[in-house]
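K.L.:
sequence and predicted model, in that order:
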Amino acid sequence: MSSTIVVAHDGSDSSERAMAFAVDRAGVIGGAVLVAHVLEWSPYAFLTKEELEERHVRRREELERAEAALLRPVLERHAASGVPITTEMRYGHVAETLIRIATQAQAVQVVIGRRGQGGFANRFFGSVAGSLVQACPVPLTIVP
């Protein structure tokens, strides 16, 4: 059985606290941490070939920036923990994609920060945390 903990990371202070919690927890259970960063992606059905090619270039650049600005620094900050840490970046609906990542990794737990980069609209219309509370297939920890 896997002992992987998936932690959602978006660069917010709350996700930093979630990461610290996940690393500590993984150390206790002898597990590993998979740091997941999901870039919101909405497909457009009516794009020209040129627009699709341009969008693909922008998407690759966005992934490279997220890797350099978010994930690499997280790995460096927690390198001394002794906990195996890997990263994964995907495009998609954040909650749905986190559930897919957790399922594919056979995670034992998902850890998220209580409040990410979202604002008033997320609190009014629902949030990643609210969606995960309802649909996460493994225990979910929300770190304040």
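P.N.:
Perfect, I can see it now. Numbering: from 1, shown residues only.

K.L.:
quick check: mean pLDDT of the host helix or strand of residue 61?
P.N.:
With the criterion set as DSSP states H and E, the secondary-structure element containing residue 61 is helix 49-66. Mean pLDDT, helix 49-66: 80.

K.L.:
show me what that helix is packed up against.
P.N.:
Helices and strands touching helix 49-66, as assessed by 3 or more Cβ pairs under 8 Å, 6 or more residues apart in numbering; DSSP states H and E, comprise strand 32-39, strand 85-91. For the C-beta atoms, the positions are set from N, CA and C on the backbone; glycine is no exception.

K.L.:
hey, which of those strands is tucked in deepest?
P.N.:
Each of the helices and strands packed on helix 49-66 was scored by mean neighbour count; the highest is strand 32-39, a mean of 23, by mean count of other Cβ atoms under 10 Å.

K.L.:
and it, what does it pack onto?
P.N.:
Helices and strands in packing contact with strand 32-39 are listed as strand 4-8, helix 13-29, helix 49-66, strand 85-91, helix 94-104; criterion 3+ Cβ pairs under 8 Å, 6+ apart.

K.L.:
quick one: buried residues of the second one?
P.N.:
By neighbour count, and taking 16 or more other Cβ atoms under 10 Å as the criterion, the buried residues in helix 13-29 are 14-16, 18-23, 25-26.

K.L.:
that older thread, now do the buried residues in the helix holding residue 61.
P.N.:
Judged by neighbour count using 16+ other Cβ under 10 Å, the buried positions of helix 49-66 are 63, 66.

K.L.:
relative to strand 85-91, how tilted is it?
P.N.:
Regarding helix 49-66 and strand 85-91, their directions subtend 160 degrees when assessed with axes from the mean of the first three to the mean of the last three Cα atoms, to 10 degrees.

K.L.:
centre of the chain to the helix or strand just after helix 49-66, how far?
P.N.:
Once helix 49-66 ends, the next helix or strand along the chain (criterion: DSSP H and E) is helix 72-77. On the basis of Cα atoms, centre = their mean, to the nearest Å, the separation between the geometric centre of helix 72-77 and that of its chain is 14 Å.
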